[in-house]
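Q: After the sequence you'll find the predicted model.
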Amino acid sequence: MFPENATERAPVSRDSVVDAALGLLAEGGLEAVSFRRIAKVLGVSGPTLYWHVDNKRQLMDLMAEELVRRTGGAYAGPEPGQPWWEWLRDVAERMFDAVVSTRDAPRVLAGNRPSPESFAHIEGVLRVLVDAGMTPGEAQQTLFTIGAYVIGSATEWQAEAERASIQPLPDAGDERANAFRAQVLADKPLLLAAIDERLGDTDTAAFGFGLGLLIDGLRARYVPPG
């Protein structure tokens, strides 16, 4: 993934440090991200990195910003004619897809704080929501709420995917498993019906359902009737 010859490497920069960290994250999870490993990837000494990043907490903040940037559209605002609530839904869906596809990415995003370089982008996003009728504080809280939902859902999704690799859920078409479940839950018809209904869902259906509740609630609160 990374070039072997140090003479072919570009000069070290904050961007290259973050890029190397995200590469290590994708390969081995958050435990694989260390200044020592990043320095090895970049072919420099460990202390060199501190010219660009103060500590691992700041590094994780920068990694989080880059993960969000790579989702595309998060800071761009709605497309011409696109309602703000549809734009928020699209951004959340893209972020969720990006986060669940990278090991431990939810842990990187959790608790991150924006860098000064991102303030102008955040200002633009807040402007969209303020123009929709929110106060600045409500706009910021909206972003926090959706971000927290995405991170929490992605954390649950990755945990379930890891468990399913060794203890998969039964197939919805498995008649033997269905009959056994019906027997065990014969006196709990609502739980049985809920399980049967959920087994037919896609693995991201729960996220989409919850996101719909959030977006519909925001639209009901801030879009005038009619």
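A: Nice, I can see it. Residues are numbered from 1 along each chain as shown.
Q: Specify the next element, helix or strand, located C-terminal of the helix or strand encompassing I122.
A: Here I122 is covered by helix 119-131, with elements defined by DSSP states H and E. Using DSSP H and E, the helix or strand that directly follows helix 119-131 along the chain is helix 136-164.
Q: how far away is the residue nearest the centre of the chain from R113?
A: By C-alpha atoms, centre = their mean, the mean C-alpha position of the chain lies nearest to V99, the distance being 3.5 Å. Distance from V99 to R113, counting by C-beta to C-beta, to the nearest Å: 18 Å. Using the backbone N, CA and C atoms, a C-beta is placed for each residue, glycine as well.
Q: any idea how far the residue nearest to the centre of the chain lies from V108?
A: Counting by C-beta to C-beta, the gap from V99 to V108 is 9 Å.
Q: for A194, same thing?
A: 33 Å.
Q: Same check on L199?
A: 32 Å.
Q: And for L22?
A: Taking C-beta to C-beta, one finds L22 at 9 Å from V108.
Q: what's the overlap in contacts for the two?
A: M63, L67 (C-beta atoms under 8 Å, 6 or more residues apart in numbering).
Q: These two: who's more crowded?
A: Remark: of L22 and V108, V108 carries more neighbours, 24 against 19, as counted by other C-beta atoms under 10 Å.
Q: Show me what the helix or strand hosting the more buried one is packed against.
A: Remark: V108 resides in helix 105-109, with elements defined by DSSP H and E. Contacts defined by 3 or more C-beta pairs under 8 Å, 6 or more residues apart in numbering; DSSP states H and E place helix 105-109 against helix 56-71, helix 84-100, helix 136-164.
Q: re the thing from before, quick check, the residue nearest to the centre of the chain in contact with L109.
A: Yes - the criterion here is C-beta atoms under 8 Å, and V99 meets it with L109 at 6.5 Å.
Q: Overlap in contacts, V99 and V108.
A: Shared contacts of V99 and V108, counting by C-beta under 8 Å, 6+ apart, come down to L67.
Q: rewinding a little: could you redo the helices and strands packed on helix 105-109 as a markdown table and give each row distance to F209 and mean pLDDT?
A: Formatted as a markdown table, these follow (distance: least, C-beta to C-beta, whole Å; pLDDT from 0 to 100):
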| stretch | distance to F209 | mean pLDDT |
| --- | --- | --- |
| helix 56-71 | 21 | 89 |
| helix 84-100 | 12 | 92 |
| helix 136-164 | 10 | 92 |
